[in-house]
Every structure is written in structure tokens, then in C-alpha cells.
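> Below are the sequence and a predicted model; questions follow.
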Amino acid sequence: MVKLNTNNVELMISAVSKKHYPKHNMPEVAMCGRSNVGKSSFINTILNRKNFARVSSKPGKTRTLNFFNVDNKVALVDVPGYGYAKLSKKEKEKLYDMIVEYFVNSEKLSFVLHLIDSRHKPSEDDIMMNEFLNYYEIPFVIVLTKVDKISKNDLSKNQNKIKNSLDLTYNIDIVPFSSVKKLNINKILDKINEII
């Protein structure tokens, strides 16, 4: 298996529509989740960087599709967070359309890392994203974030709630993750390594 050098990373482009997607021959792995799920921390942790993806105290900051070239072997795509309450209806629709356009039109998309907060039951938006990925038969892995902020007992209970709330028909992997404790970084990187 070819190993990814996560020290060799660059931002290719921040896109808002199909015409801006970068031209390349690498497989793409997209990361999605609701606002404030810890996506920027997740990206920085798996890339072993402090602030490659900007971590903000204000959710809903990412308004573009950010394409990262990792070691000229894979493109990681940071998808805008969904479900941010303070966005206007028009802004929400614009972001939703951007996400749908990418997921439906990308020819290089290999799979999606769907980030869900381990401390809560999946939100309606999480469930909608799950249904969307299943409908379009886009392979995905569930990543449970912020597991350092929850007891093992509660994590186990919440994992059952997540399994019951989402359609995981295709034996989807559920990976507990913590950017604080660096939990399961290798598991995530192994998943990415499988496609390169």
C-alpha cells in the first residue's frame, strides 16, 4: 500500500461551483458535517498541522469547497458545514446547492467522511445528509467527533442511537475520533490509503 505523506499538502483552490473545480487525476475524499462538528480540527489533526484548516469559534465560516492536494496522491475536499441556524434561508439554500452540485457532479469522488458529533443524537440535517449519500450511492464512513468530551458509557449509548437513526445498510464503518487525544488518526489515514 502506498503511504501518504501528510507533510506535503497545499490548498489547490476554494471553489463555489462546478466550473471552479480543479483539474487533476487524483481520487477525492470529501469531509462533511454540520457546523461546529469539529471539521477544521479533524482536518488539521489528520494532516498533522496546527492551522491548515482555520478553526473558528464561529460556526458556519466555511462557505466554499476547499480542495487540498495531499502528497499529489489524493485530494481532500472540505465541504461547507450544514445546519448553521444563523444563516439566512437564502444563504442556507446556496450552500446546500453547492454541496449537492459537488457530490452529484464530481467524477473523482471516492468516498465521504461524514462527521457527526458523538455527544448528540444525529440532527435532522445529519439524517438528511445520510439519506442523500445513500440515495446517490456515494460510499461513506461515519466519523464520531469529540469523543474526548464524553464518557465511554455515553459514547456506547450514543453509538446505538446513531446506528438507529441513520441508514447504514452497506455495513458502514463508524470511527470514534478525537483531535485532542489523536484517537484513530491511523484508521482514517488507512481508509484514505486504500484508494490511492
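Everything's here; your move. Numbers count the residues shown, from 1 in each chain.

> Please make it C-alpha for all contacts and neighbour counts, starting now.
Noted.

> Export only the CA atoms of the lengthiest helix in the chain, formatted as PDB.
Longest helix in the chain, counting residues (DSSP state H): helix 89-105. Provided in PDB are the C-alpha atoms of helix 89-105 (Å, rounded to 0.1, in the frame of the first residue of the first chain):
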ATOM      1  CA  LYS A  89     -32.700  30.900   4.300                       C
ATOM      2  CA  LYS A  90     -31.200  32.100   1.000                       C
ATOM      3  CA  GLU A  91     -27.600  31.500   2.300                       C
ATOM      4  CA  LYS A  92     -28.500  28.100   3.500                       C
ATOM      5  CA  GLU A  93     -30.000  27.200   0.100                       C
ATOM      6  CA  LYS A  94     -26.900  28.500  -1.700                       C
ATOM      7  CA  LEU A  95     -24.700  26.300   0.500                       C
ATOM      8  CA  TYR A  96     -26.900  23.300   0.100                       C
ATOM      9  CA  ASP A  97     -26.900  23.700  -3.700                       C
ATOM     10  CA  MET A  98     -23.100  24.000  -3.700                       C
ATOM     11  CA  ILE A  99     -22.800  20.800  -1.700                       C
ATOM     12  CA  VAL A 100     -25.300  18.800  -3.800                       C
ATOM     13  CA  GLU A 101     -23.700  20.000  -7.000                       C
ATOM     14  CA  TYR A 102     -20.300  18.800  -5.900                       C
ATOM     15  CA  PHE A 103     -21.500  15.400  -4.600                       C
ATOM     16  CA  VAL A 104     -23.600  14.700  -7.700                       C
ATOM     17  CA  ASN A 105     -21.100  16.000 -10.300                       C
END
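
> now residue 8: how far from residue 48?
With distances taken as C-alpha to C-alpha, to the nearest Å, residue 8 is found 11 Å from residue 48.

> So the two - more neighbours on which side?
residue 48 (14 against 11; other C-alpha atoms under 10 Å).

> isn't that one right up against residue 9?
No - judged on C-alpha atoms under 8 Å, residue 48 makes no contact with residue 9 at a distance of 10.3 Å.
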